[in-house]
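In: Predicted model, plus sequence, below.
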Amino acid sequence: MTHIRTPDGIELAYERMGNPADPAVILIMGLGAQMRIWPDSLCQALVDKGYQVVRFDNRDVGRSSQMDHHGNPSLLATWLVTKLKRKAQVPYTLKDMSRDVLALMDELEIDSAHLVGASMGGMIAQILAAKHKKRVRSLTSIMSSATSPGLPDAKLKVLLQLAKRPTPFNREASIRYTMRMNRLIGSPAYPMDEIELRALAETSFERTTNPTGFKRQLVAITAAGDRSHLLRKIKLPTLVIHGTDDPLIPVRMGEDTAAAIRKAKLKVIQGMGHDLPPALVPQLAKMMGKHLKKAEKRWKKKLEKERLRAIEEATAGTPENTPAANNPAEDNAAQSTPPLPPAAEVIELRAGRS
């Protein structure tokens, strides 16, 4: 693991796997979640398919900069202001977090990448796909949302538990909270082993767990409001993955996301909740691998077209391509030749196609 510093002075911890010469896949994690939540086995599966994989801690998470100088914002005040269709004053926005991704790409000299975002990470990836299409080869949005109005909300029981942070905040309380939340939002058909779950919770605590950082990210999501208009601008190959049993972001939100993006493919996984359990990795890797392969082929075609167009434009003004001066004799000859009748012209064009 290493760090980069963004132009805004924020340090981002990241890990880079695979060959740096291979096409890049950048994994963007969700609310309060560290990069290690992306399963190692999924990262390795993508590397084996011929991609370099970059995962990182968002600001206010893990080993990246903790934005404690921004204080402890009010979630209720942010929600009320957003409901009134006014701009909420928040420590930072999802757009700011999307700039962190671009800064990471710049530092790693990645001109363009396939973006894979989970939950809040999917929202960040959606912003980049809509606003920075030259930097994004494809989008994979997992258990995420456009926050369109009129869709079902998260289950009240889940929201209440999510807001109930451990007090006092210490190692054991934090680990118990993380394990409890995973059981609450996890995939009922693919439950994680208790030993694995505890190990993940312990790693998260040891790498820094910040309750107020979690809240700052939550108000950034709340302030973003409805982004469906933004999703309609996305013209990139898009894969939307969602579980039928997601209690935090219901599957209807995934369906809405796919409907808002032109030609997006929707994959609904039975029994999947709001997590990435090891048992689902083979299925996820297969879905993502197929999507990435098609998108990469499309991207290379696009680059080749742009290259040929640039050559055409560069040679358009050269002497051999410059039209010769008119010759009066040739003009007179051309004028004296009667034009072919329309029927003959059509027949000739058809013959050319055979």
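Out: Now that the structure is in, tell me what you want to look at. Worth saying up front: this structure is predicted, and the values here are computed from it rather than measured. Numbering: from 1, shown residues only.
In: gap between the closest residue in space to residue 117 that isn't next to it in sequence and residue 279?
Out: In space, and not counting its chain neighbours, residue 117 is closest to residue 125: 3.3 Å by C-beta to C-beta, 6 or more residues apart in numbering. C-betas here are computed from N, CA, C, even on glycine. Distance of residue 125 to residue 279, given as C-beta to C-beta, to the nearest Å: 24 Å.
In: Which one's more surrounded, the two?
Out: residue 125 (29 against 14; other C-beta atoms under 10 Å).
In: and the host helix or strand of the more buried one, what's its mean pLDDT?
Out: Using DSSP states H and E, the element containing residue 125 is helix 120-131. Helix 120-131 comes out with an average pLDDT of 98.
In: And stretch 294-314, by the same measure?
Out: When pLDDT is averaged over stretch 294-314, the result is 92.
In: Name the residues of it that are buried.
Out: For stretch 294-314, a neighbour-count test (16 or more other C-beta atoms under 10 Å) marks 295-296, 299 as buried.
In: do stretch 228-247 as well
Out: Buried-residue list, stretch 228-247, by 16+ other C-beta under 10 Å: 228, 230-231, 234, 236-247.
In: First-to-last residue distance for that stretch?
Out: End-to-end distance for stretch 228-247: 21 Å, by C-alpha to C-alpha, to the nearest Å.
In: and what of stretch 109-127?
Out: End-to-end distance for stretch 109-127: 21 Å, by C-alpha to C-alpha.
In: Can you tell me how far the closest residue to residue 277 other than its chain neighbours is from residue 144?
Out: Using C-beta to C-beta, 6+ apart and skipping the chain neighbours, the partner closest in space to residue 277 is residue 190 (4.1 Å). For residue 190, the distance to residue 144 (C-beta to C-beta) stands at 19 Å.
In: between those two, which one's more packed in?
Out: Taking other C-beta under 10 Å, residue 190 and residue 144 do not tie; residue 144 has more neighbours (26 against 20).
In: Helix, strand or coil: sort out that one for me.
Out: Assigned state for residue 144: coil (three-state reduction, DSSP: H, G, I helix; E, B strand; the rest coil).
In: you'd agree the residue nearest to residue 277 is up against residue 269?
Out: No - with contact defined as C-beta atoms under 8 Å, residue 190 does not reach residue 269; the gap is 9.0 Å.
In: Mutual contacts of the two, please.
Out: Common contacts of residue 190 and residue 269 (C-beta atoms under 8 Å, 6 or more residues apart in numbering): residue 280.
In: Outside of the helix holding residue 125 itself, list whatever touches it.
Out: 27-31, 58, 94-95, 97-98, 101-102, 115-117, 135-136, 139-147, 217, 221, 224, 227, 230-231, 233-234, 236, 238, 257.
In: check contacts around residue 287.
Out: Contacts of residue 287 by C-beta under 8 Å, 6+ apart are 239, 241, 267.
In: pLDDT wise, what is it at?
Out: 98.
In: Just want the phi and psi numbers for it.
Out: Here is the backbone geometry of residue 287 (degrees, to the nearest 10): phi -60, psi -50.
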